[in-house]
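K.L.:
Predicted model and sequence follow; I will ask about them next.
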Amino acid sequence: MTRRSETLLAFAGAALILVLAYAVPWLRFVLTIALAKGLAVLGILLLLRAGQVSFGHALYLALAAYTVAFGAVVVPEALLLLPAAGLLAGLVGLLIGLFVVRYREIFFGMLNLALSMVFYSVLEKFYALTHGADGIRLPPVTFLGQPLAGEAGEWIVLGMALVLALACGALVRVALASPLGEALAGIKTRETRLDFMGVSPKRVLLAAYVASAVMAGLAGAIIALTTRHVTPALSYWTTSGELVFIAILGGAGSVIGPFLGAAAYELTRVYAAATFANAWQMVLGLVLLGVIVFAPGGIWGMITSRRRAA
């Protein structure tokens, strides 16, 4: 699919989200969370281009969410909290990335998972600061000096999530089509050739890793502003598993895939939990199994294959 077609599809999707959020008010919350998770998965898409999967990116999600929770006490302005959370996630991603980019495949994934679980344990144990499993309720937050609350607040957070999704999607689309994207693909296929060409695979992967941490951080900030409550569960391994689940569900063939997967995941979870309260996890598992068996390219792969067939 051409860049123009993807751009038109992205804006059409954004318009559809706004229409659904207006027509069905309770969907505003679900769609905002879906956009946030899609943003985090967009970062994982960069790593997938290099053939690497992170099972620990929930660390950056939780780190940013707690940054918003603690930072709102001092600076309650959402337009300052959002970039601050993304920047901190990026800095921590740089420090961790310097270590994990030395490894590949399962070692890369499991190291990220281990570090995420260490952070989860810290959040659980330091009860006096984090309130443990009870989490932290966000203090009142403002947007341009006005209270970020009520229906207007929901629309503002949804708008911020939508703008970030479109902006980051465009940047990742450009990056994947640039020499950086080609170098990431080279890490997946024949890493030694990059060395022969004078390109450092570690630096290329580190750049992608830091970018993915920033996007996960922005996603965590949006989730915190949406739910107004953060808990250590955000850094638990199941949250990282959700992100990988969404990546598989949406497909890695386009920057639109993560958002399709996130929307499908959140809507399926909502309706499955309402219909099968005690077995909604099984429903999600069956959905993933069906995608793997019948549509290995994910939802985006289904769309492009049908478009080619037509």
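P.N.:
Okay, I see it.
K.L.:
All the helices of the stretch 1-150 of the chain, residue numbers only.
P.N.:
With helices called from DSSP state H, counting those that start in this stretch, the stretch 1-150 of the chain shows them at 3-23, 27-49, 58-74, 78-100, 105-125, 127-130, 150-176.
K.L.:
Same list, the ones you listed, but as TSV with mean neighbour count please.
P.N.:
Every residue, glycine included, has its C-beta placed from N, CA and C. Converted to TSV, the helices of the stretch 1-150 of the chain look like this (neighbours: other C-beta atoms under 10 Å):
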stretch	mean neighbour count
helix 3-23	14
helix 27-49	25
helix 58-74	24
helix 78-100	19
helix 105-125	17
helix 127-130	12
helix 150-176	18
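K.L.:
Using TSV, please lay out those together with distance to Gly251 and mean pLDDT.
P.N.:
Below are the helices of the stretch 1-150 of the chain laid out as TSV (distance: least, C-beta to C-beta, whole Å; pLDDT from 0 to 100):
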stretch	distance to Gly251	mean pLDDT
helix 3-23	13	88
helix 27-49	10	94
helix 58-74	21	95
helix 78-100	24	95
helix 105-125	19	92
helix 127-130	36	88
helix 150-176	14	93
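K.L.:
Can you check which of those helices gets nearest to Ala295?
P.N.:
With distances scored as C-beta to C-beta, the stretch of these nearest to Ala295 is helix 27-49 (16.7 Å).
K.L.:
elements contacting that closest one?
P.N.:
helix 3-23, helix 150-176, helix 179-189, helix 201-227, helix 237-250, helix 257-275 (3 or more C-beta pairs under 8 Å, 6 or more residues apart in numbering; DSSP states H and E).
K.L.:
The ones you listed: which one's closest to Ile96?
P.N.:
Ranking these by their distance to Ile96 (criterion: C-beta to C-beta) puts helix 201-227 first, at 7.8 Å.
K.L.:
C-terminal to that closest one, what's the next element?
P.N.:
Note on helix 201-227: by DSSP states H and E, the next helix or strand toward the C-terminus is strand 229-230.
K.L.:
Which neighbouring elements make contact with that next one?
P.N.:
When contacts are defined as 3+ C-beta pairs under 8 Å, 6+ apart, strand 229-230 packs onto helix 58-74, strand 136-137.
K.L.:
for the last one, packing partners?
P.N.:
Translated: strand 136-137. Where contact means 3+ C-beta pairs under 8 Å, 6+ apart, strand 136-137 is packed against helix 58-74, strand 229-230.
K.L.:
Find the residue at the geometric middle of the protein.
P.N.:
For the chain, the residue nearest the mean C-alpha position is Ala40 (1.2 Å; C-alpha atoms, centre = their mean).
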